[in-house]
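Asker: please find the sequence and the predicted model below.
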Amino acid sequence: MSRTTRRDTAGVIGRAAVTAAILAAAALAPPPAASAAPVPAPSPSAPAAEACDAGTGPYQRELEDHLRRTPDGTQDAGDCEAIRTFQRDNGIRPADGYAGLLTFRTVVAVAARANPNAAGDCPVRPHRVTCVDMERQLLWVQRGRTVVFPPVPVRTGRDDQETRPGWHEVYWRSVDHGSTLYDNSPMPYAQFFDGGQALHGRTGYLYAHGGSAGCVNLTVPDARRLWDLLTEGDAVYVWGTKPGTEG
C-alpha cells in the first residue's frame with residue numbers, strides 16, 4: 001500500500017470516529033425542556049350593576065299597576081328595577097327607575113297602542129287625520145280605522161294658552177323654525193295648523209314648565225318621524241282638556 005493510500009484510509013477512519021462520537025453524545029443528552037404554555041392574563045371582572053335606588057315617584061302606583069307590581073304606591077328595589085327596565089326599553093333618559101311624568105305619559109302611550117281610538121273620539125275619515133287627545137296627552141295618526149303613526153306622548157297648551165280644539169289643517173311647514181313670538185325659541189320640524197300653533201319638537205325635557213304656549217310639543221325624534229309622514233293639507237283634530245287646565 002502506498003503512503004498516499006494509507007493517509008486517505010486513516011482520514012476516512014478518523015471522520016467516521018468523530019461522527020460516531022457526536023451521535024453518541026446526542027443520544028445521551030437530555031431532551032429539550034418543553035416550552036411552557038403562556039398563562040393568560042386574568043380578565044377584568046365585570047362591573048357591578050348600578051344599584052337602582054330612586055325614591056317613590058308621583059306616578060308610582062300607576063307604574064306599578066302597568067308593570068304588574070304590587071300597586072302599593074311605595075317604591076322598593078323590585079319596583080325600581082322594573083321601572084328602569086321599562087325606561088330603557090322605551091328610550092327614556094335618564095333610565096333611573098323614578099316614576100316621573102315622562103315615564104307615566106309613555107306608559108299611557110304604550111297602553112293605547114293596540115287601539116288608541118277605542119273611545120271613538122277622533123273622527124274616522126278616508127284620508128289621514130292627526131289626532132290630538134289633550135285628556136291623555138297623546139298624538140297618533142290614522143287613515144280610516146288604520147293607525148299609521150302609533151300614539152306618542154305630547155305636551156299641549158298650559159292654562160290660558162290652551163291648544164285650540166276642533167278641526168285644523170297643516171298650512172305651513174318649517175323644518176328648522178325659530179319662534180317669532182318667543183325669542184327665537186327652537187321649534188324643530190314645525191307643522192303649523194292654526195295661526196301660531198304648530199306640531200313641533202321640543203328640545204330638552206318635554207314636560208318642563210307644565211305646558212306649552214299652545215303648540216303641540218313632541219320629543220324631537222317623534223317630531224321628525226311625524227314630519228316625514230305629513231304634508232301641507234293634512235287634517236288635524238284636537239279634543240279634550242289638558243289635565244290641570246280649565247279647558
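Answerer: That came in fine, so what should we check first?

Asker: now do stretch 57-66, average pLDDT.
Answerer: In this model, stretch 57-66 carries a mean pLDDT of 97.

Asker: for stretch 189-202, same thing?
Answerer: The pLDDT scores in stretch 189-202 average 96.

Asker: now stretch 210-230
Answerer: Across stretch 210-230, pLDDT averages out at 95.

Asker: can you give me the end-to-end span of that stretch?
Answerer: End-to-end distance for stretch 210-230, by CA to CA, to the nearest Å: 27 Å.

Asker: same check, this time on stretch 174-186
Answerer: Counting by CA to CA, you get 11 Å between the two ends of stretch 174-186.

Asker: residues in contact with that stretch?
Answerer: Contacting residues not belonging to stretch 174-186 are listed as Met187, Pro188, Tyr189, Ala190, Phe192, Gly196, Ala198, His200, Thr203, Ala213, Trp227 [CB atoms under 8 Å, 6 or more residues apart in numbering]. Yep, even glycine has a C-beta here, placed from its N, CA and C like the rest.

Asker: return the distance of the closest residue to Tyr59 other than its chain neighbours relative to Ala111.
Answerer: Nearest non-adjacent residue to Tyr59, counting by CB to CB, 6 or more residues apart in numbering: Phe104, 3.7 Å away. From Phe104 across to Ala111, the span is 11 Å (CB to CB, to the nearest Å).

Asker: neighbour count winner among these two?
Answerer: The residue with more neighbours, out of Phe104 and Ala111 and counting by other CB atoms under 10 Å, is Phe104; that gives 20 against 13.

Asker: same for the helix or strand hosting that one, what does it pack against?
Answerer: Assigned by DSSP states H and E, Phe104 belongs to helix 101-112. Packing contacts for helix 101-112, counted by 3 or more CB pairs under 8 Å, 6 or more residues apart in numbering; DSSP states H and E, involve helix 60-66, helix 77-89, strand 138-143, strand 146-153.
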